[in-house]
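> Task: produce atomic coordinates for the following.
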Amino acid sequence: MKKLLSLVAFMACTLTATAGGLLTNTNQNAHFLRQMSQEAIIDINGLYANPAGTAFLSDGFHLNLNYVITQQSRDTRATFAPFRFGATNEGQTTKEFHGHAIAPVVPSFMLSYNKKKWSVMASFAITGGGGKCEFDDGLGSFESQAALLPLLGQAQGITAYSIDSYMKARSFYMGLTVGATYKILPNLAASLGVRGIYATTHYEGYAKDILINNPLAPGQMASPAALYQACVATGNPLAPTMAVLAQATQDITMDCSQNGFGIAPIIGIDWKINDQWNFAARYDFRTRLNLKNEATNSATSQSVEALAQYQDGLKVRADMPAILAAGLQYQPYSWMRMNLSAKGHFDKQAKAYADAQKLLKHGTWEVAAGEEFDICKHLTASISWQSTNYGTTDDYIKDTNIICRSNSLGLGLRVKVAPRCSFDLGYMQTFYKAYDKQTNDFYGVSNTATQVVAGIAMANGADAAKAMQQATTQVGALKEAAAFAGSEHFTRKNWVLGIGANINF
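Sure, this is the predicted structure:
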């Protein structure tokens, strides 16, 4: 019989960016935080979003250095009737699970050298991931499996359970970009670049110390393995049942690092229509990434189906999607600039493990608008807005992978401290739309229940066919009575703060 938790969604937490697509992180610098519509700006800070625009910078070197800090929370309010059996749940069927993520240091730089019609450039940034996420008290998907024990074992006197679970994920996709731009015409420039991405991730967690109440000693909690030994010692007829549960509730651990490298070209254009209007567009090609596992939990991952993708030495597909972006800037006055932009992420074409991308309805799309104005010679203020729409579905979203539609507000200042030096201060707050999900089979618990019931029946003398028939009938009745139904309410919060220095020489 498989372990009880073998069907749990014990999988990596996707560290989605606070701005950008499912994997892409666009909030790389302080200027973006205060002005999220970047696709048509002409500034060293626009090197990532509008590389062709660097052709219109003055001759010489242009350098930008950034420090960004971001913090997120990911919360699930899960409702599942068997949670009422939890020893510490006080009979409640709804439980809160909290995940907190922080990236205390997210550095980046951009560098451009301009000479007449040519510009050569380089940049480094965390283009995906960018932090760690921890679920100190586990997740509903973990606990739901242990919650089945009292539901299925009431006839044997099992009325309570407890579980100790934990999950932590860390993910950094570091991107180094080099390229060049050329002025085809005095008002038209094109760029060609290439970005190399080195991805490094680490996942660790456990689901252990599953306990049930002791039918032999009311008021006490014990592991099924300990109860099996006690039953054997006393000749208690519960011994076969406890033997099955002891095997099913063995500890599960995960400790896996992944590393991979990919490279992809980037092309762009910038058309200065006139002194007031500027149009730009770029296309980032898909980055093919195969992440190689280095796991210390190889034995567990080979025996537990849900951990198969974390087997030592296995290569896991995790592509970065292609992006098509375009923007328009309008400068009605010398002291005011208005920006509008749109981005499409080709998430459904970016291959993932087990073709998870096929569960999406469509790729991510974003629209952004911003305005900045010069208060005086030394001070510029800006405000911007961005809307992000993901193509997620109920099959794609899980409590380890909380992705919600959002609107972001950015604001900040640029302070010019010298003719060739300025500082950007930016703050971005994202407001997520909650996502509600309902299911008649909470994280596949009916399959787990069938295995448990069939295993107990065979341990007590039934042949395999009869045991499976008995399990199917019993579990079918429970499913018909909505005993496995559940719902989840997903929410997220985040803020990002950054400071950047701009130096021209």
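> helices and strands of this protein: which one bottoms out on pLDDT?
Ranked by mean pLDDT, DSSP states H and E, the weakest helix or strand in the chain is helix 298-303, scoring a mean of 56.
> In stretch 350-366, which residues are buried?
Using 16 or more other Cβ atoms under 10 Å as the test for burial, stretch 350-366 gives 350, 351, 352, 353, 356, 357, 359, 360, 363, 364, 365, 366. Placement of C-beta: from N, CA and C, glycine included.
> now stretch 412-429
412, 413, 414, 416, 422, 424, 425, 426, 427, 428, 429.
> Wasn't the second one part of a strand?
Spelled out, it's residue 413. Yes - Residue 413: assigned to a strand according to DSSP: H, G, I helix; E, B strand; the rest coil.
> related to what we said a few turns ago, from the buried residues of stretch 350-366, which two are the most distant?
Across the buried residues of stretch 350-366, the longest distance by Cβ to Cβ is 25.0 Å; it joins 353 and 366.
> what number of residues lie near the nearest residue to residue 138 once chain neighbours are set aside?
Nearest residue to residue 138, sequence neighbours excluded (Cβ to Cβ, 6 or more residues apart in numbering): residue 165, at 2.9 Å. By the criterion of other Cβ atoms under 10 Å, residue 165 has 25 neighbours.
> what element comes up after the helix or strand encompassing residue 229 heading to the C-terminus?
Using DSSP states H and E, residue 229 falls within helix 224-234. Using DSSP H and E, the next helix or strand after helix 224-234 towards the C-terminus is helix 239-248.
> Tell me what angle that following helix forms with helix 224-234.
Counting by axes from the mean of the first three to the mean of the last three Cα atoms, to 10 degrees, helix 239-248 lies at 160 degrees to helix 224-234.
> Return the list of helices and strands in contact with helix 239-248.
helix 224-234, helix 445-459 (3 or more Cβ pairs under 8 Å, 6 or more residues apart in numbering; DSSP states H and E).
> ok, which stretches of the stretch 351-500 of the chain are strands?
365-376, 379-389, 406-418, 421-432, 435-439, 486-504 (DSSP state E, counting those that start in this stretch).
> The second one pairs with which strands?
What it means is strand 379-389. strand 365-376 (antiparallel), strand 406-418 (antiparallel) (DSSP bridges).
> what residue ranges in the stretch 1-150 of the chain score low on pLDDT?
Applying pLDDT under 70 to the stretch 1-150 of the chain flags the ranges 1-21, 130.
> 80 instead?
1-26, 103-105, 129-131 (pLDDT under 80).
> Helices along that one, start to end?
Ranges of helices in the stretch 1-150 of the chain, per DSSP state H, counting those that start in this stretch, are 30-34, 140-146, 148-152.
> Could you say which one of those helices comes nearest to residue 374?
Closest approach to residue 374 among those is made by helix 30-34 (13.7 Å; Cβ to Cβ).
> Give the other helices and strands that the closest one contacts.
In this structure, helix 30-34 packs against strand 60-80, strand 379-389, strand 406-418, strand 421-432, strand 486-504, with contacts taken as 3+ Cβ pairs under 8 Å, 6+ apart.
> Look up the pLDDT of residue 246 for me, please.
In this prediction, residue 246 carries a pLDDT score of 92.
> Having no further points to raise, I will conclude here.
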